[in-house]
Structures are given as structure tokens and as C-alpha cells.
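Q: sharing a sequence plus its predicted fold:
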Amino acid sequence: MSTEPVPSDASTSSGERPGTTFARRTALTGVVATGCVGLLSQRAVAAPAPPAGPAPTATLRVQPARLSMTIDATTDTPQRGVPVPLTISTTSARSTDVIVSSRTANTHIGPSRDESGRATSITVRIEPNAEATVWVTPRDAGKPGEPGDLLTVSDGHSSVEVEVWIEPTGGRWEPLARPGNSAKSDLQIVAVHAALMRGPNGPEVVMYSPPRERDTSGKLEVRKDVNPEVREKWIWDVKDFQHTETRTLNLNTVTTADVNSGLGHNIFCGAAAHLPDGRLLAAGGHIHADDKSTASGKSLYLYDPHSPEKWKEIPNSGKVLINPRWYPTVTPLPDGLMLIAGGYWDGLWNKKYFGRFLNSYIIYDPKTVTGKTTTGLVNSKKLTSKSPLAAYPGIFVVPGKNPNDTVIAVVETNRAWLHTYLPGEKLTPVGDGSPRMMTTKGTRSYPWYGSMVLLPLHPGDPVSKILAVGGAKETKTDHTDRDKNGTDPTTATADLLRLDPTKPPSSPEAAKWTQLNALRARFLCDATLMADGTVLISGGASQGWSDHNHTPVNEAVIFDPTTEKFHVAATAATPRRYHSVALLLPDGSVLKAGSTGGFGGPNADAGKKNLWFLTRTDAERYLPSYLWRGPRPVIETVNATATASVGPTLQHGKPFTVNAKGRSLNDRCKLALIRLGATTHGNNMEQRYVWLAVSERVPAGDRWSITATPPASKAAAPPGDYMLVVVDSVGVPSAAQLVRVANTGP
């Protein structure tokens, strides 16, 4: 998968809109790195002794001063990359012997492009008024965020050091571990739900799950009637309706803490999204045939990491959620209100399960703690008994034709329902409320769920795009037929919806689906926006439905929104299927956690007696290739209104300035806002990526002052907490700075 490098001047034009495909560079001129040896691998090799002779007055020249290289890391054994030339010259009037040596052995050096004479150190002779070329071949990428190698070029009297950045094209997976400790960290919870939060000690992830079985003294129950290999693993108590297990993951220390206080209902399989003030709103939850409580599935909770009790039930939540909502969706709206929509009012035990989805929604006001149930989330006349409204619908808020216009797309099974929304009012269907159908006949929704994501929004571009990937029943129209043997085939296609508000609403061009090749057939997957605006597709299985699934898909793929193509990425070590999550972290990596395996089908995990779940309490991180591509920019300050508890606060349509540092920055660097994620069951209910309009870039050495403006449309960036990143011209993002987009103005 290695590719030929492109020339260093192959960059995007200054008129190109911000995007996600960046020019790669073979050579980058810049400051020659010194003093980096302490950061490198311990596989250092000693350089040969320099040639003897009188010290010349000549100058040793090496071009380029920094190498950028790639290797194929999509397989278990990374393949060496394409050789890259390094040109050496001198002003000496006599022949000069020069030694080129690798400090880490992550590169091999040879006199020609082929494999002959490859070594970690070679000597070349440079004749007067001539150049010598050596070829450098990457062998291993080294650690993320550091040069993979440091080449020393010496003529015996002076030396030059050349940084070598070696990028694994597919990124890498690694176990989540504490700093300085290679052992896997145990989250002590199955992360069925996960949300990124502003914690009191820095960014944290709150995770929650159904409670485990315990004995009468409160100790964890050890099941004697299950497979001995898993009897001490997490066994859920599916009939406990009063508790939820929840923990927080401190991202600085990679440690978890129990935060069970304040939860009096089982909010497992509910929905969650962030309020404008940064707290998490959780709605709905678990219901069961044996539960006689009238409150089951009708609870509203707030998670506040800064409050002593953490979780707090909203008073009179049963008057807001008048119906149980199991597998609903919560979506932040541009006016600071919250849309709570869909879900079941009955459960899987009922033979009429697929006819018991709520075709209603609530516009919830967190300030007044009120909400009204409104029927008609979709046009019921357009539904059929074989393709009813699905659970966990994907709901997307996008800008309309004018700055104050809002379009809401409800995407489920194989269709999109379009609405307009005015602040504080109900949803108004576009046209006669007919859905816009995907190219596939199958379904991308529960219990064969894939994942859907709003692609990055660009300043000045009215078009919004929604990607739907993963699912099943490619050629079938019956979306209610669950194969008892778990042999439902999954799909290797994806569908892309283009929403163009400048076109007449009823025209085909206003909302048009196109089909793409997603490379791998899967469902139960996650689509996660990464820090450069590309999308990671991870996890899932290739057969079955929900918990009756088998044949895991560990290989990840990446979708590039600019080229609208998928490419293969690295393969994870651990199966992550039903009840797994993926979440972008501020450092630019993706957390992958959870999974309860499956217990159906011919190759099911659970051929043993009474084994409900094969659970996972460990986690992995996906490290995108951009972490190796070059030195990362650093955000030093954000010049915007700030408070001690919130930090920088941005206003819609008002410019602000970022001071950033980085020798990779230039006059093509960009700024983007990425909303904090809250995800479960393949549905990240609010993730979005917004490229900002940059009006000025002022250099001062390796520091840049960058002025940008958030979109005027609140539908482009609903109020709430975001990650702010600087992205250089080859797609290397900074670590994120948390900011808030304020809920002010009309």
C-alpha cells in the first residue's frame, strides 16, 4: 500500500476550500533538528569512525533537512516503504568521504533505489562540484509524535542531522494503558455508553452500563453455571431496574472511578447528549417484561462532573417523558433546546416488537425543565409493516438556505425524512413528508445497525453531507425478519446523502443519495470523526443481528470526505461488536471500548449453558496516521472571552484569534471545531466537525496568530462544548483546546 512520495511543492492552492485531503511531502525544508536523540528508540546504532584528514573549510550541505516517509501498516507485519532520496554536497575542492548513519535502525540506507547495499550506515564519496545521493528506506514508524529516525551526515569535521518522519499509512491500534505502563488498563465497566466531558481534573469520559449481578451482601455474583473461562467476567442483572453502573475515565492518569451515586433507574439503552452548559442529558432507558414500575424507561438524568452527586434525576421527568423510551435519540438544537425522539414503548419479548416504536418527539427546555410530546416524527402514512420506524434514528441538524434557517434530517433504515425547524416550535415536514430513499433496499438501523455521521461543514458551502455505513439485508425489503440462526448477511456498501438548501425543497437535487463501496461488510460498527476531518469506521460483525451476531470484523477503514473514498486502515487486536463504543479524544486518538460479543448463530461465542454475554472491560486506542506525519502544532492561547470554570467562549459570527506554535505551520493552516461526543449502539448523537473561516494568518518565527470566525448559523454549530484544533497544511492536527460556543443572540 506504500505510495510514491510527491514533490515537496505539491501543495493545495491558496484558493482551495479547507478539506481533509492534504498534500503529502517527500521533503520539507526547515530548521535542522538537534537534541532529539533522547526521544528515539533504544535500538540506536553506533556511527562508524569519521575519516581522518585535515579539517576543511568547506560547508556540508544536505537536502532536504527533513524527510517525510510512509510505510504500509494495514497488516500485522508492517511493510517497508518506498525509498526516498537524500542529496549531499560540499563546497570542498577535494574528494570527501561522508558517513550517513541511522540512530534508530528504523531506516536503512543504500547507494541506489534498489535493495542492494542496504545498511544502517554507509560511506559515500563526494567529488568536487558534484552531488551524491543516498536512498533511505523506512522500516518502522517508531513512536507517535516523534521522528521515526534521526540521520547523521558527517564528513569527519562537521555534521548535519536530518529528521525522518515515518507515517504508518493505516495508523495503529494499541491497548489503553496508564502512562509509563504497558499493561492493559481495566476500565472495570463495559462501556455501553460513553461521553467526553469537561472533568474537574481535565477531560474525562463518563461510561455507563447495566448493573452486575450481586449477592445479598452487595458482592459481585460469581456464576457457577456458565463457561469457566468467563464465569468471573461481567454478568449483567437484566432484572435490576433501579441501578446503573457508571465510571469515569481520567484521560490524564488513565484511571477510572466509580460514580454510581444519584442514579435510581437503569438508564442503559437510553440516549444522551450535551446541554449548552456542558452537562450531559440522559433520557429514557431499560424496560423489561418483569418490570411493573411505571417509571421504567421514562427517566431524565443530568450528569455534572463538577457536582458532588454527579448524577441527578430531573424532577417530574415522568411528566416530560410520558411514554417509556427505550433506544431513543437526543439531539441538541440551535436554540439550546433538546430534541428527544423515537424509541420503543415495549420490548423484545413482545411479538409485535417492530410495531411499537414511538413516532413522536419532545422539544425539551433545560431551563424551564419542560417539554411537550408531539406526534409525527415521520409521516406514518409512508411507513409499512415490513419497514416501520426504526430505533436509535440518526438525527442531524444542518444549516438551511439562510443563516437563521435549520434543516433536520431523520435518517433510519434506508431513508431520510426532512424537516425545517424554527426556534421553540415543532418540526415541519418538507413537502408532503415523503422520505428520500437510499440506493439499497436493506436497513442500516437496529437491530442490524450501522453508523451514521454528519461530515465536516465548510464555510461558504451550503451543502451538508451525511454518511451511512454498515447494515444488512442489502437486497431485502423486510426490515423485521430476524433470522433465528443469525445468518443475516451484512453490507459492504455505504450511502452518502447530499443536502443542498439552495435547491427547491421538493427537487431531487435538494436531497440526493449516492452509493459508495465501503470495502468491508459489517454492522454494529462506529463511524467516528477524527481530528483531521476524516472518518474512522471501526468494529462490528459480519453476520447476525444485535446480540445474535458472530464473525467479528476487526479491520478498520477510513473515509475521506473530500475524495469520498474509503481506504483500509490498521486491524484492531480485539473484537468490538454489540454494545461497543468509539469516541474521539482531545489528543487526536480514538477510544474504542465495550462489547458484549454475541450469543447467536452457528459460530456463536455462547454455546455454553446460560451465558448471556461475553463482555469486555478493557479498551484500545486507535492512533491515526497523522500522529506520525510530522511535528504537531501547539495551541498556546485562544483570545476570546473566558471564565475560570469554562475557559475560552466563542460567539457565532464573531472573530477570535488563536496563537499557535509549530514549525510545520504556514499560510495554509486551518482551524476547526469538533463537538464533544456522546455515543452508544453506533449512534454518536451529536458529533460534528466545523471548518472555520480563517481571515488572517500572521507569522512571527515559528509562531502564528490565526484569526477565524465561527459560523453565523447556530445550526452549523449548536451551542455547547467543542474541541478546537489547528490543522497544518499536510493534515497534522494539534491536540485540542476545549472551548464553548455560547448560546447568545437570536
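A: Great, that's in hand. Numbers count the residues shown, from 1 in each chain.

Q: from now on I want contacts and neighbour counts done on CA atoms only, so please keep to that.
A: Noted.

Q: before we move on, what SS does the residue lying closest to Ser185 once chain neighbours are set aside have?
A: Of all residues not flanking Ser185 in the chain, Ala177 sits nearest, at 4.9 Å (C-alpha to C-alpha, 6 or more residues apart in numbering). Assigned with DSSP: H, G, I helix; E, B strand; the rest coil, Ala177 falls in the coil class.

Q: pLDDT score for Ala177?
A: Model confidence at Ala177, given as pLDDT, is 92.

Q: show me what contacts it?
A: Ala177 sits next to 183-185, 254 when contact means C-alpha atoms under 8 Å, 6 or more residues apart in numbering.

Q: shaky segments in the chain?
A: For the chain, the stretches flagged by pLDDT under 70 are 1-57, 221-234, 238, 241, 261-262, 289-295, 347-352, 598-614, 745-746.

Q: most surrounded residue in the contacts of Ala177?
A: Counting neighbours by other C-alpha atoms under 10 Å, Ser185 leads the contacts of Ala177 with 18 neighbours.

Q: thought that residue was touching Asp618?
A: Yes - counting by C-alpha atoms under 8 Å, Ser185 touches Asp618, with 6.3 Å between them.

Q: okay, and the common contacts of those two?
A: With C-alpha under 8 Å, 6+ apart, Ser185 and Asp618 have common neighbours Leu176.

Q: give me the sheet partners of the one helix or strand Val453 maps to and which way each runs.
A: When elements are assigned from DSSP states H and E, Val453 belongs to strand 451-454. The pairing partners recorded for strand 451-454 under DSSP bridges are strand 464-469 (antiparallel).

Q: name the residues that touch the strand it pairs with?
A: Contacts for strand 464-469 (C-alpha under 8 Å, 6+ apart): 398-399, 444, 450-457, 493-500, 518, 527.

Q: among the residues you listed, which ones are in strands?
A: Using DSSP state E, 398-399, 451-454, 493-499, 518, 527 are the members of these that sit in strands.

Q: out of these, which is nearest to His243?
A: His243 has its nearest neighbour among the ones in strands among the contacts of strand 464-469 in Ser451, at 28.2 Å by C-alpha to C-alpha.

Q: the closest residue to the closest one other than its chain neighbours: how many residues sit nearby?
A: Nearest residue to Ser451 in three dimensions, chain neighbours excluded: Gly682, at 5.0 Å (C-alpha to C-alpha, 6+ apart). For Gly682, the tally of surrounding residues (other C-alpha under 10 Å) stands at 31.

Q: from Ala283, how far off is the closest residue in space to Leu280 that isn't next to it in sequence?
A: Of all residues not flanking Leu280 in the chain, His274 sits nearest, at 4.4 Å (C-alpha to C-alpha, 6+ apart). Here His274 is placed at a distance of 11 Å from Ala283 (C-alpha to C-alpha, to the nearest Å).

Q: Val320 too?
A: Val320 is 10 Å from Ala283, where distance means C-alpha to C-alpha.

Q: how close does the residue most central in space within the chain sit to Thr641?
A: With distances taken as C-alpha atoms, centre = their mean, Thr528 lies nearest the centre of the chain, 3.1 Å away. Using C-alpha to C-alpha, Thr528 is found at 30 Å from Thr641.

Q: same question for Thr480.
A: Thr480 is 52 Å from Thr641, by C-alpha to C-alpha.

Q: and for Thr657?
A: As defined by C-alpha to C-alpha, Thr657 lies at a distance of 11 Å from Thr641.

Q: between the two, which one's more packed in?
A: The neighbour count for Thr657 versus Thr641, taken as other C-alpha under 10 Å, is higher for Thr657 (19 against 13).

Q: tell me what that one is bridged to.
A: Asn639, Thr707.

Q: from now on call the first residue 38
A: New numbering, starting at 38: the last item is Thr694.

Q: that one touches Ile672, doesn't it?
A: No - between Thr694 and Ile672 there is no contact under C-alpha under 8 Å: 10.8 Å.

Q: strands along the stretch 138-287 of the chain, start to end?
A: Secondary structure of the stretch 138-287 of the chain (DSSP state E, counting those that start in this stretch): strands at 144-147, 158-163, 168-175, 186-191, 196-205, 209-212, 230-236, 239-246, 282-287.

Q: mind checking which of these is nearest Gly431?
A: strand 230-236 (16.1 Å).

Q: the closest one - contacts with which helices or strands?
A: Here strand 230-236 touches strand 239-246, strand 617-621, strand 715-717, going by 3 or more C-alpha pairs under 8 Å, 6 or more residues apart in numbering; DSSP states H and E.

Q: deepest in the core, which of these is it.
A: Of all the helices and strands packed on strand 230-236, strand 617-621 has the most neighbours on average by mean count of other C-alpha atoms under 10 Å, namely a mean of 31.

Q: identify the residues contacting that strand?
A: 228-233, 563-568, 575, 627-633, 714-719.

Q: sorry, back to before: count the residues that sit near the residue nearest to Leu317.
A: Neighbours of His311 under the rule other C-alpha under 10 Å: 28.

Q: residues touching it, list them.
A: 317-318, 369, 713, 715, 757-758.

Q: so which of those residues sit within strands?
A: Using DSSP E, those in strands are 317-318, 369, 715, 757-758.

Q: widest-spaced pair of those?
A: Spatial extent of those (C-alpha to C-alpha) is set by the pair Leu318 and Asp758 at 13.5 Å.

Q: neighbour-wise, which of the two wins?
A: Taking other C-alpha under 10 Å, Leu318 and Asp758 do not tie; Asp758 has more neighbours (29 against 23).
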